[in-house]
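K.L.:
return a 3D structure for these sequence lines:
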Amino acid sequence: QVQLAESGGGLVESGGSLRLACLVSGSTVADMYAIAWFRQAPGKEREQVACIEMKGTQYIDSVKGRFTISRDKAGNTVYLQMGSLKAEDTAIYYCATDRAPVCEADPAAHGYWGQGVQVTVSS
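P.N.:
From the prediction side, this is the model:
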């Protein structure tokens, strides 16, 4: 059973940085999965922020140049380094996968989710 667990959320001032981590367990081929970071702010739909697959990475426009997604050599921990944080980045952040090797933007396509971590950016 694939499981994902996020860590690293918290409160940070505008302009600051945070690094989130997503540990993927329960699979010997987790390094082949595309892993995505989603976020959901109050009253808003869940949106994919970034995704990493074997071919590369993807970002939404609002975080390009500020956020970086990466994974460790073992392939089972995926990081989201967030910089120049803004109040509008405040949300619950989730990592997710559908156990496929390519990124998919639709949240409904992801069957495996972490519990989420709160990121709050004070202005």
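K.L.:
C-alpha from now on. contacts and neighbour counts both.
P.N.:
OK.
K.L.:
can you count the residues close to the residue lying closest to Ser123 once chain neighbours are set aside?
P.N.:
Residue nearest to Ser123 in three dimensions, not counting chain neighbours: Ser14, with 5.2 Å by C-alpha to C-alpha, 6 or more residues apart in numbering. If you count neighbours by other C-alpha atoms under 10 Å, Ser14 ends up with 17.
K.L.:
give the contact list for Ser14.
P.N.:
Ser14 makes contact with Ser84, Leu85, Lys86, Ala87, Val121, Ser122, Ser123, according to C-alpha atoms under 8 Å, 6 or more residues apart in numbering.
K.L.:
quick one: which of the residues you listed has the most company?
P.N.:
Of all these, the highest neighbour tally under other C-alpha under 10 Å goes to Leu85, namely 23 neighbours.
K.L.:
ramachandran angles for that one?
P.N.:
Dihedral pair for Leu85: phi -70, psi 150, per degrees, to the nearest 10.
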